[in-house]
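*Asks:* Structure, please.
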Amino acid sequence: MSDFRFFPGRSGEVQKKNDAVFIVSVLLLWGLGVFTLFVCTPDTAERLFNKKYYFVVRQLVWSVFGFASMALFAVVPLRFLRKHLGIFVTAIFILCLFALVPFFGYQRNGASRWIRIPYLGRFQPSEFAKFAVVLYLANLFNRYLGQSDVEQKNFLYPLVGLFAFVIVIVLQRDFSTGLFVFMVGCLMFFVSGARMTWFGPLVLLAIPAAILMIVIEPYRLMRIISFLKPDEYMMNEGYQQFASERAIISGGMWGAGLGTGLVNVSRIPEVQSDYIFAGWAAAMGFVGVFAYIALLVFFAWRGFYIALNCPNRFASYGAFGCTAMIVLQSLLNVAVVCGALPTTGIPQPFFSSGGSSLVVTLCMCGFILNASHSEDGDDEDSDFESYQKSSREKDDTRFESFNGVEVTNYE
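*Replies:* Sure thing, here's the model as predicted:
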């Protein structure tokens, strides 16, 4: 099991065009998300901003930036991306630190997760950290893949980077996002071929650390307690979950319809963001939920297909990480909204109102598209491949003895 890898050498058929099927899945998910905001948020927007379609217009504006970023990451040469990846990752890490600085950061409900941008509002750097971590790990895994003699040492580099991002996100009081990034990072370690003996210590460290982070923050502890005892806290700490489940139940099999049929949706706090899926379930019922899950499976199938068949190893790892990040986050959000997991701050990709989440999701989709048309020659030789080449040249050297003296023969 120590040599197990999902992605050995890339020897598959070269893909030269953007995957049209994947593009269709992205457009369908995005369109469904905008439609859900249009249906479920007018009452909330009217009450908060006196603008009925405030969240819809805001989402469309951010969509312009998102699709532009998606096009950029779909066409940027992988050599250029890898060459400047250190600058990108460092910049995102510094922005995560700036969110903790009072002058730059913006606090809400005691959390410092946002940075102010003049004339544009604010954005959440931890969302961009998801993409940065995927590319950072993909780059290092590509570089060190196969170096069995120094594998243990080389896997420390991506591990340190992963922990650094997780720690700075948790310091922003965004524990759920930090834990989620750590889980996806561990999944990428697994598929890259990290030794199975690494996961035991990681789990043993992660479990008590997670428990400690929950206990030291009263609001996190109350989320767990209200999840375990929903009847006792349905009108205070557990009200958001209670309102979400009530709205979902009101949808029934075929949905409550539009307009006045969504009265229960307007009573959900933050329905435009983390709990937007409850609005979709209430409006479209079980049929709508099934349709969304089917579309998400379609998206996941195509994303993982691109990752597994990409001839470029860096792009392959990156496409796998991006697909896993989007799909697992979607499923996690659905589980929270339906009451299967305690409340978190994880938004629903493509659906939740928020520029940071939408732009980063489309950036990751752009990278997956880049992987769909990448070629084996798009990437520079890794350091290990250069090392192997020089080693083979040294192995071709022969030594012969002439009158007791060794003479080098290069034939």
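*Asks:* Please count neighbours and contacts with C-alpha atoms only from this point.
*Replies:* Fine.
*Asks:* contact partners of the host helix or strand of A206?
*Replies:* If you go by DSSP states H and E, A206 is part of helix 199-215. With contact meaning CA atoms under 8 Å, 6 or more residues apart in numbering, helix 199-215 is reached by 175, 179, 220-221.
*Asks:* In a markdown table, list the residues you listed along with pLDDT and distance to D43.
*Replies:* Supplementary listing: the contacts of helix 199-215 in a markdown table, determined by pLDDT from 0 to 100; distance: CA to CA, whole Å:
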| residue | pLDDT | distance to D43 |
| --- | --- | --- |
| F175 | 89 | 30 |
| L179 | 91 | 33 |
| R220 | 83 | 29 |
| L221 | 85 | 32 |
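*Asks:* Please identify the buried residues of the helix holding A206?
*Replies:* Residues of helix 199-215 classed as buried: I214 (neighbour count, 16 or more other CA atoms under 10 Å).
*Asks:* Check stretch 70-78 too.
*Replies:* Under 16+ other CA under 10 Å, the buried positions of stretch 70-78 are 70-71, 73-75, 78.
*Asks:* same question, stretch 247-260
*Replies:* The neighbour-count criterion (16+ other CA under 10 Å) identifies 247-252, 254-256 as the buried residues of stretch 247-260.
*Asks:* Which one of the residues you listed is nearest to F277?
*Replies:* Comparing the buried residues of stretch 247-260 against F277 with CA to CA places I248 closest, at 9.0 Å.
*Asks:* Surely that closest one touches G279?
*Replies:* Yes. Using CA atoms under 8 Å, I248 makes contact with G279 at a distance of 7.4 Å.
*Asks:* Show the average pLDDT along stretch 107-116.
*Replies:* When pLDDT is averaged over stretch 107-116, the result is 73.
*Asks:* for stretch 330-350, same thing?
*Replies:* 91.
*Asks:* can you tell me the distance between the two ends of that stretch?
*Replies:* 9 Å (CA to CA, to the nearest Å).
*Asks:* what does it rub up against?
*Replies:* Counting by CA under 8 Å, 6+ apart, 29-30, 32-34, 174, 176-177, 223-224, 227, 241, 244-245, 248, 273-278, 326, 329, 357-358, 361 sit against stretch 330-350.
*Asks:* Please flag which of these sit within helices.
*Replies:* 29-30, 32-34, 176-177, 223-224, 227, 241, 244-245, 248, 276-278, 326, 329, 357-358, 361 (DSSP state H).
*Asks:* Show me just the buried residues among these.
*Replies:* For those, buried by 16+ other CA under 10 Å: 29-30, 32-34, 176-177, 223-224, 227, 241, 244-245, 248, 276-278, 326, 329, 357-358, 361.
*Asks:* how near is the closest residue to I268 other than its chain neighbours to Y317?
*Replies:* Distance criterion CA to CA, 6 or more residues apart in numbering; nearest residue to I268, sequence neighbours excluded, is A243 at 5.4 Å. Here A243 is placed at a distance of 40 Å from Y317 (CA to CA).
*Asks:* Quick check: mean pLDDT of stretch 54-65?
*Replies:* Average pLDDT, stretch 54-65: 94.
*Asks:* Report the buried residues of it.
*Replies:* For stretch 54-65, by 16+ other CA under 10 Å, it's 54-56, 59, 62-63, 65.
*Asks:* Need these in a markdown table (columns: distance to R113 and secondary structure).
*Replies:* Shown next, in a markdown table, are the buried residues of stretch 54-65 (distance: CA to CA, whole Å; DSSP: H, G, I helix; E, B strand; the rest coil):
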| residue | distance to R113 | secondary structure |
| --- | --- | --- |
| Y54 | 22 | helix |
| F55 | 20 | helix |
| V56 | 23 | helix |
| Q59 | 20 | helix |
| W62 | 19 | helix |
| S63 | 21 | helix |
| F65 | 21 | helix |
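*Asks:* pLDDT wise, what is the residue nearest to I268 at?
*Replies:* Per-residue confidence for A243 comes out at a pLDDT of 86.
*Asks:* ditto for W254
*Replies:* At W254, the model reports a pLDDT of 85.
*Asks:* what does Y410 give?
*Replies:* The model's pLDDT for Y410 equals 42.
*Asks:* Can you list the low-confidence ranges for the stretch 201-350 of the chain?
*Replies:* Along the stretch 201-350 of the chain, the parts satisfying pLDDT under 70 run over 258-263, 266.
*Asks:* Farthest-apart pair in the buried residues of stretch 247-260, please.
*Replies:* So, those by CA to CA: farthest apart are A247 and W254, at 13.3 Å.
*Asks:* where along the stretch 1-150 of the chain do the helices fall?
*Replies:* 20-40, 42-49, 54-75, 78-83, 85-98, 125-144 (DSSP state H, counting those that start in this stretch).
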